[in-house]
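Asker: I'll drop the sequence and a predicted model, then ask my questions.
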Amino acid sequence: MRNKRMQKIHFYSYDRKCTLKDRKKLKIFIESLFAREKKKLGTLAYIFCSDEHLLGINKEFLKHDFYTDVITFDLSSSKNEIEAEVYLSIDRVKENAKQAGVTFTEEIHRVVFHGALHLCGYKDKKSTEIDLMRQAEKKYLNLYFR
């Protein structure tokens with residue numbers, strides 16, 4: 001009997017569906033992102049939801065009363081292996097794609113990578129941190145879509 005490789009990355013729909021083309025390729029790529037960043041990945045769940053659901057999470061857990069496209073929760077019990085959940089608002093991603101003049105496909109991948117990059121230690125509060133985060137997002141988008 002052949003051993004099936006344990007899935008480390010999972011995609012779930014809460015109250016919004018997200019059709020990602022070639023999920024297997026994306027999962028392998030996200031694992032490679034963690035390897036490139038020298039981080040050990042345990043399990044990572046991406047949960048696709050609505051603006052309203054993510055606003056509720058933002059209010060409850062972060063005490064922020066505004067819409068956002070992504071919230072990342074590091075649930076790791078040790079520094080050695082990352083266990084996490086990443087919530088993405090499909091509504092916000094669609095709106096951001098329109099405003100930025102990019103496709104939904106590009107924007108959803110940017111946000112997926114953004115959540116992973118937070119888990120790798122990237123921050124986005126100060127302008128210097130935002131610059132580094134944007135550079136990393138672009139790097140991984142280019143690698144993924146080349």
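Answerer: Good, I have the coordinates. This structure is a prediction, so every number in the text was calculated from the model and none was measured.
Asker: you'd agree Glu85 is up against Ile47?
Answerer: Yes: assessed by CB atoms under 8 Å, Glu85 is found in contact with Ile47 at 6.3 Å. Every C-beta, even on glycine, is put in place using the N, C-alpha and C of the backbone.
Asker: Enumerate every residue touching the residue nearest to Ala100 when sequence neighbours are not counted.
Answerer: Distance criterion CB to CB, 6 or more residues apart in numbering; nearest residue to Ala100, sequence neighbours excluded, is Glu107 at 6.7 Å. Contacts for Glu107 (CB atoms under 8 Å, 6 or more residues apart in numbering) come out as 93-94, 96-97, 100.
Asker: who wins for most neighbours among those residues?
Answerer: Within the contacts of Glu107, most neighbours by other CB atoms under 10 Å means Val93, with 23 neighbours.
Asker: what sits against that one?
Answerer: By CB under 8 Å, 6+ apart, the contact set of Val93 is 69, 104, 107-108, 111.
Asker: Thr72 now?
Answerer: By CB under 8 Å, 6+ apart, Thr72 lies in contact with 84-87, 115, 118-119.
Asker: In which helix or strand does it reside?
Answerer: Using DSSP states H and E, Thr72 falls within strand 70-74.
Asker: which residues are in contact with the very next helix or strand once past that strand?
Answerer: Next helix or strand after strand 70-74 toward the C-terminus (DSSP H and E): strand 82-89. Residues outside strand 82-89 that contact it (CB under 8 Å, 6+ apart): 14, 16, 18, 34, 39-51, 53-54, 57, 67-77, 108, 111-112, 115-116, 119.
Asker: how about 6 Å then?
Answerer: Defining contact as CB atoms under 6 Å, 6 or more residues apart in numbering, one finds that strand 82-89 is touched by 39, 41-49, 51, 54, 57, 69-76, 111, 115, 119.
Asker: The chain: strands as residue ranges?
Answerer: Ranges of strands within the chain are 9-13, 41-49, 70-74, 82-89, based on DSSP state E.
Asker: Switch those strands over to TSV; also include distance to Lys27.
Answerer: Output for the strands of the chain, formatted as TSV (distance: least, CB to CB, whole Å):
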stretch	distance to Lys27
strand 9-13	4
strand 41-49	9
strand 70-74	17
strand 82-89	13
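Asker: Good, wrapping up.
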